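Novice: Predicted model, plus sequence, below.
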Amino acid sequence: MNIYKDSFSFEKNRKTVVTVGSFDGLHLGHLKILSRLFEISEECGCESVLFTFEPHPRLVISKDYEIKLLTTLNEKIEILSKTKLDNLVIQKFSREFSEMTSEEFIREILVERLNLSHIVVGHDHKFGRDRMGDAEKLKQLGNQYGFEVTAVEAERCNGEIVSSTKIRNALAEGDVDKANLFLGRNYSFEGIVVKGAQRGRTLGFPTANIKLDNIIKALPANGVYAVKCLINGDSLTGVMNIGLRPTFENKPEITIEVHLMNRDFGKYEKNIYGERLKVEVIKRIRKEIKFDSVDKLIEQIESDKKSALEILSKFEDKSIN
């Protein structure tokens, strides 16, 4: 997969089949669009192109809109590199860029720079300052500039249309089952292991405290989760707590703590600080609650570990990567 930091550097040696969008999450709906993109590019002998934006347009246009990302740019690149995509074009999204009309965008970027032959869009896709870049507008422009248009129907799960917004909402409610179903994979995030209060160690449950790579990365609701982790190529099982640690503290900062349960954890126990940890969220066990005593907390942690091991035993053949 070729990666271009802007459309000016794109090598337009062949005609292209293009899809455009933020593709935050790269969920089942996005994968359906990409599947059609690959089919058409193979049929016509064209290069496939995904034209995306960085940062997310809402972060630029709606300053008061607090969006949480399902996939960072690096995560998008990692996921897309495992597909048949030929080219990824990353457009820096700015106020100036947002002022382009849909026709200017099609003509100046997709037709003139990317050598557009065919465009594939989602069922509700709109773009351009005038928000007129829908399927009908595209067909009109296609007749004018000589390209074809394919609109892909919405992907549905359990009768619902799959969308990034619904996945964000599901995570915010702790409904990891729904989020993972809509994504077509287990939700994950990455960060660096940092030194915490080391309270878990005194309780007999040492934890890895994680500092997120990106502070606007979406996290599941506060609570306890069964997780799988990847560190230095090793896959480990764990139980994770996201929250405010109400039994001990009353601070507004959210903490992410993972108690790793594999026997292999021993080799990391003394030197884990500074290591990169990828966390794959499998299932929510319970909400975060405040305990009356440390003994009751320890008893609950033991129960959480048993629940996590039971859940994770069903995912033995789904190794993290």
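Specialist: Done, it's in. For clarity, every value in this text was computed on a predicted model and none was experimentally measured.

Novice: and the nearest residue to Phe205 once chain neighbours are set aside, how many neighbours?
Specialist: Excluding the flanking residues, the one nearest Phe205 by Cβ to Cβ, 6 or more residues apart in numbering is His259, at 5.0 Å. (Each C-beta comes from the backbone N, C-alpha and C, glycine too.) For His259, the count of nearby residues is 23 (other Cβ atoms under 10 Å).

Novice: Check the offset of the helix or strand containing Val60 from the chain's centre.
Specialist: Per DSSP states H and E, Val60 falls inside helix 57-61. With Cα atoms, centre = their mean, to the nearest Å as the basis, helix 57-61 stands 17 Å off its chain's centre.

Novice: Can you pull out the residues in contact with it?
Specialist: 22, 65, 67, 93-95, 98, 216 (Cβ atoms under 8 Å, 6 or more residues apart in numbering).

Novice: residue boundaries of the helices in the stretch 51-200 of the chain?
Specialist: 57-61, 73-80, 95-98, 102-104, 135-145, 164-172, 176-183, 199-203 (DSSP state H, counting those that start in this stretch).

Novice: how close does the residue nearest the centre of the chain get to Tyr187?
Specialist: The residue lying closest to the centre of the chain (Cα atoms, centre = their mean) is Thr71, at 2.5 Å. Distance of Thr71 to Tyr187, computed by Cβ to Cβ, to the nearest Å: 10 Å.

Novice: Can you pull out the low-pLDDT segments for the stretch 101-250 of the chain?
Specialist: 129-133, 197-204, 245-250 (pLDDT under 70).

Novice: Now Ile108. Nearest residue, chain neighbours left out?
Specialist: Wrong residue type there; residue 108 is Glu, not Ile. Met100 (7.6 Å).

Novice: Quick check: the one you found touching Arg107?
Specialist: No: contact criterion Cβ atoms under 8 Å: Met100 and Arg107 do not qualify, at 9.8 Å.

Novice: Could you give me the ChimeraX syntax to select whichever of the contacts of helix 57-61 are buried?
Specialist: Entered in ChimeraX, the line below selects the buried ones among the contacts of helix 57-61, by 16 or more other Cβ atoms under 10 Å:
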select :22,67,93
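
Novice: Among the contacts of helix 57-61, which one sits closest to Lys139?
Specialist: Taking Cβ to Cβ as the measure, Lys139 lies nearest Ser22 of those, at 22.7 Å.

Novice: for the closest one, what are its contacts?
Specialist: Contacts of Ser22 by Cβ under 8 Å, 6+ apart are 52-53, 56-57, 164.

Novice: out of those residues, who's nearest Val294?
Specialist: Ser164 (40.6 Å).

Novice: Just the buried positions in stretch 293-301, please.
Specialist: 297, 301.

Novice: my bad, should have said stretch 229-247
Specialist: Here stretch 229-247 shows 229-231, 235-245, 247 as buried, counting by 16+ other Cβ under 10 Å.

Novice: Could you work out the most separated pair of those residues?
Specialist: Ser235 and Thr247, at 30.3 Å, using Cβ to Cβ across those.

Novice: The residue lying closest to Lys15 once chain neighbours are set aside: neighbouring residues, count only.
Specialist: By the measure of Cβ to Cβ, 6+ apart, the closest residue to Lys15 outside its immediate chain neighbours is Ser117, 3.8 Å from it. By other Cβ under 10 Å, 20 other residues sit near Ser117.

Novice: need the contact list for Ser117.
Specialist: Contacts of Ser117 by Cβ under 8 Å, 6+ apart are 15-17, 44, 46, 147-148.

Novice: what about 7 Å?
Specialist: 15-17, 44, 46, 147 (Cβ atoms under 7 Å, 6 or more residues apart in numbering).

Novice: what does the domain assignment say about this protein?
Specialist: 2-161, 186-315 (automatic domain parsing).

Novice: nearest to Asp177, of these?
Specialist: Across these, closest to Asp177 is domain 186-315 (Cβ to Cβ), at 6.7 Å.

Novice: ok so, going back, what separation do you get for the residue nearest to Phe205 and Ala226?
Specialist: From His259 to Ala226 the distance is 11 Å (Cβ to Cβ).

Novice: between these two, what contacts are shared?
Specialist: Val239.

Novice: out of the domains of the chain, which comes closest to Glu173?
Specialist: Across these, closest to Glu173 is domain 186-315 (Cβ to Cβ), at 5.9 Å.

Novice: chain center to that closest one, what's the gap?
Specialist: Using Cα atoms, centre = their mean, the offset of domain 186-315 from its chain centre is 20 Å.
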